Structure formats: C-alpha cells, structure tokens
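Colleague: sequence first, then the predicted structure:
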Amino acid sequence: MSKKPHLDYYRAFLKICDEVVDHNGRFHLPIQVPTTKLLRYAGKPESSRRWKEVRDWFGRMTGTLVEGSVFQAKTKHYLRGFKGTVLSQVITSGDRMKTGQVAETNYVWPAPWFLSNYFYGHLRLIDLEFHKWLRKPIAKSLYPLLETGWYASGGEPYSKSYKGFVRSFC
C-alpha cells in the first residue's frame with residue numbers, strides 16, 4: 001500500500017497561500033504555485049515521481065466533489081446541501097493556457113467558498129514543520145484535532161466523547 005501525501009501537499013499549498021495573500025487578505029488570481037516550492041514545503045524530494053504526484057494532487061483537488069455542509073465565515077452559518085470542489089481550476093506546469101503559451105508554473109483558482117473563508121480568517125493554523133516531522137498519515141490527520149483539544153484545555157488532559165465512546169488524551 002503506497003502512502004499518498006495529499007495532506008502534505010494541501011498544507012504546503014496553504015503555506016503558499018499565506019505568502020501570496022495581500023495585506024487586505026485577498027489573492028491576486030490565479031495563485032502561482034511552483035511545483036518545486038510545493039514539494040519543498042511538503043518535505044518531499046524532487047523527482048519525476050513526485051512531480052507526477054503533484055500533478056495528480058491538483059487533479060484530485062479540482063475533481064473531487066465535497067458534498068454536505070460548508071461553514072461560511074462571512075455569515076457565520078453553515079451552507080447545507082453544498083456540492084463543490086476545493087479548487088475551481090488549475091493549469092499545471094507544461095499545459096497550454098488559453099493564450100496558447102505553455103504554463104511555466106502551476107496556476108490555481110481556489111473555489112469561491114475557500115477564498116471567502118480564507119478572507120474572513122476561518123482557517124486552521126498548522127505548524128508545518130511539526131506536521132512534516134510526523135511520519136504516519138494517521139498522526140498527520142490527528143494532529144490538528146488533538147491540538148485543538150489541548151489548546152482548549154490549556155495543555156491539561158482532556159477527553160472527547162463519540163457516541164458513548166470516551167477516550168482520554170494526555
């Protein structure tokens with residue numbers, strides 16, 4: 001079973017977003033996302049296999065349907081019955097653009113709901129260096145969930161209940 005670093009690439013993408021957002025919290029679209037920078041921030045070595053992984057990740061982010069509810073930071077309400085993607089459009093490095101030119105980098109247009117929530121500060125800050133230090137995908141997935149609990153408890157032990165199942169975390 002191969003490990004898919006989708007979460008690594010997503011968190012690296014968020015770091016790039018933090019770097020290119022203007023002082024008003026807005027992006028100049030499209031966002032330029034160089035593959036080499038994405039790989040570096042994801043803690044992955046450059047190779048043709050990794051470049052293919054990035055291309056596949058962009059395809060997944062534009063092609064996977066998010067279905068359910070999405071929080072709208074502007075109104076502070078959930079939009080129920082939501083169907084959409086995280087990225088609206090991506091032109092990957094080497095693809096032809098509308099102008100006929102070959103793209104020298106990746107150009108990304110995030111979905112409107114993503115842009116709005118980013119603008120209104122509804123995002124989860126992650127320590128990317130700590131995330132890269134974690135080796136197992138389950139640890140990378142649990143890290144933000146556990147960190148939220150530790151933050152809320154002031155660093156003290158806390159417990160979460162899931163339909164009668166209680167687990168304590170220290």
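Modeller: Everything's here; your move.
Colleague: and residue 59, that's in a strand?
Modeller: No - counting by DSSP: H, G, I helix; E, B strand; the rest coil, residue 59 is not part of a strand but helix.
Colleague: which non-adjacent residue is nearest it?
Modeller: Excluding the flanking residues, the one nearest residue 59 by Cβ to Cβ, 6 or more residues apart in numbering is residue 90, at 7.6 Å. Yep, even glycine has a C-beta here, placed from its N, CA and C like the rest.
Colleague: before we move on, what about residue 114?
Modeller: Nearest non-adjacent residue to residue 114 (Cβ to Cβ, 6+ apart): residue 86, at 5.9 Å.
Colleague: where's residue 90 relative to residue 65, distance?
Modeller: Taking Cβ to Cβ, to the nearest Å as the measure, residue 90 and residue 65 are separated by 16 Å.
Colleague: more neighbours: which of those two?
Modeller: Neighbours were counted for residue 90 and for residue 65 using other Cβ atoms under 10 Å; residue 90 has more, 22 against 8.
Colleague: doesn't the more buried one fall inside a strand?
Modeller: Yes - under three-state DSSP, residue 90 sits within a strand.
Colleague: residues in contact with it?
Modeller: Contact analysis of residue 90 by Cβ atoms under 8 Å, 6 or more residues apart in numbering lists 58, 59, 61, 62, 106, 107, 108, 109.
Colleague: now those in JSON lines, with neighbour count?
Modeller: Output for the contacts of residue 90, formatted as JSON lines (neighbours: other Cβ atoms under 10 Å):
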{"residue": "58", "neighbour count": "23"}
{"residue": "59", "neighbour count": "13"}
{"residue": "61", "neighbour count": "20"}
{"residue": "62", "neighbour count": "16"}
{"residue": "106", "neighbour count": "24"}
{"residue": "107", "neighbour count": "18"}
{"residue": "108", "neighbour count": "24"}
{"residue": "109", "neighbour count": "17"}
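Colleague: closest to residue 78 among the residues you listed?
Modeller: Closest approach to residue 78 among the contacts of residue 90 (Cβ to Cβ): residue 61, at 21.8 Å.
Colleague: is the closest one in contact with residue 86, as I believe?
Modeller: Yes - counting by Cβ atoms under 8 Å, residue 86 is a contact partner of residue 61 at 5.0 Å.
Colleague: want to try CSV for the contacts of residue 90, with pLDDT and distance to residue 31 as columns?
Modeller: Shown next, in CSV, are the contacts of residue 90 (pLDDT from 0 to 100; distance: Cβ to Cβ, whole Å):
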residue, pLDDT, distance to residue 31
58, 96, 12
59, 95, 17
61, 94, 12
62, 95, 13
106, 98, 9
107, 97, 7
108, 97, 5
109, 96, 8
